[in-house]
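Enquirer: fold the following, please.
(one chain, ligands or ions: 1)
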Amino acid sequence: MSVLVLGGAGYIGSHTVDRLVEAGEDVAVVDNLITGHRQSVNSKARFYEGDVRDKEFMNQVFDQENVEGVIHFAAFSIVPESMQEPLKYFDNNTGGVITLLEVMKDHDVKKIVFSSTAATYGEPKSVPISENADQEPTNPYGASKLMMEQIMHWCDVAYGIKFVALRYFNVAGAKADGSIGEDHHPETHLVPIILEVAAGKRDKLIIYGNDYDTADGTCIRDYVHVMDLADAHILALNYLREGNNSQAFNLGSSTGFSNLEMLQAARKATGQPIPAEMGPRRAGDPSTLVAASQAAREILNWQPQYDDVESIIATAWQWTQTHPNGYED
Ligand code: UFG
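Expert: Predicted structure coming up:
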């Protein structure tokens, strides 16, 4: 039976497909290649190009594949873009999961692991954020993902479809051999942008806001390596295979780094000066997102291998240096 990975040509999806193949799983991938890259998909996985919202296409894939469980990454995930184009997010993220769950129900597939996000919490009332903290998103991206969690809950109640929602904090890094990595157009995320400056592709980093209520005034985030995140999906799938109940888990390191601290770590990891200047705040940004992630460690037995941002950045730097134009190289 196969594990069907939706969005398997994306950044986190492609690293997870790689790990699944390595673990001996039979893997099929669906991706519409709007933001994904065909070259990033491990050649041992079967590939279907199409959209999660296309029910006819999805039915064909499920008819062809004997799907045991689904890992669902296919979504838009840029916070500032979601502030400008909320309907794009509700259509693809929230709408997409409705079609997916309909097809799963019709094909009697009862296990799904999917990408949720720290952005479902919004501005936290206390830090670190535990899974039962209030979920009050401050942007449409977070809202679209929270709705996905709620839809999953009711589909569990009605149809017995069991889910694991993995609430990622900030993901960074690349496979250690530099063969796959992060390649977004346009790039909006902090670590790859800092590394574009280090590589001389951008003049400078603009830090969005230094008037937040944090020690140095810049936003604080909790960074996890993409391979550690990939491993968590396999553990979550196994958790469902063991017959456990639906649950949400935070995936973070439990340590926060400010944007300025990230800049310093990148200067060390790359040995480059990386010019930076302060700019205004970016709309929709919560000041601090740091995970309490004991549940994933205790219940899923998740053991992240990367525990410092400098080594996470170093793997991303290896990818940036060997692929200055991403997958176009
Ligand atoms: N930032 C800058 N300059 C830049 C880019 C980013 O200062 O050029 C800042 C942002 O304002 C923010 C921090 O760097 O304070 C991190 O921003 P990212 O865009 O890298 O990541 P986000 O925290 O906005 O979002 C990411 C994922 C979301 C996820 C969220 C959870 O993209 O999917 O982490 O923390 F929900």
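
Enquirer: which one is residue 38 nearest to, not counting chain neighbours?
Expert: Nearest non-adjacent residue to residue 38, counting by CB to CB, 6 or more residues apart in numbering: residue 9, 6.0 Å away. For glycine as for every other residue, the C-beta is placed from the backbone atoms N, C-alpha and C.

Enquirer: contacts only, for the one you found.
Expert: By CB atoms under 8 Å, 6 or more residues apart in numbering, the contact list for residue 9 reads 29, 31, 33, 36-38, 40-41, 47.

Enquirer: repeat for residue 235
Expert: Residue 235 sits next to 296, 300-302 when contact means CB under 8 Å, 6+ apart.

Enquirer: and it, which of the three is it?
Expert: helix (DSSP: H, G, I helix; E, B strand; the rest coil).

Enquirer: state the distance from it to residue 255.
Expert: To residue 255, residue 235 is 21 Å away according to CB to CB, to the nearest Å.

Enquirer: cool, residue 1 as well?
Expert: As defined by CB to CB, residue 1 lies at a distance of 38 Å from residue 255.

Enquirer: tell me which of these two has more neighbours.
Expert: Neighbours were tallied for residue 1 and for residue 255 using other CB atoms under 10 Å; the higher tally belongs to residue 255 (14 against 11).

Enquirer: would you reformat the contacts of residue 235 as JSON lines and include distance to the ligand, secondary structure and pLDDT?
Expert: Listed next are the contacts of residue 235 as JSON lines, based on distance: CB to the nearest ligand atom, whole Å; DSSP: H, G, I helix; E, B strand; the rest coil; pLDDT from 0 to 100:
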{"residue": "296", "distance to the ligand": "15", "secondary structure": "helix", "pLDDT": "98"}
{"residue": "300", "distance to the ligand": "19", "secondary structure": "coil", "pLDDT": "98"}
{"residue": "301", "distance to the ligand": "23", "secondary structure": "coil", "pLDDT": "98"}
{"residue": "302", "distance to the ligand": "18", "secondary structure": "coil", "pLDDT": "98"}
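
Enquirer: what's the ChimeraX line that selects buried ones from those?
Expert: Remark: buried members of those, expressed as a ChimeraX selection using 16 or more other CB atoms under 10 Å:
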select :296,300,302
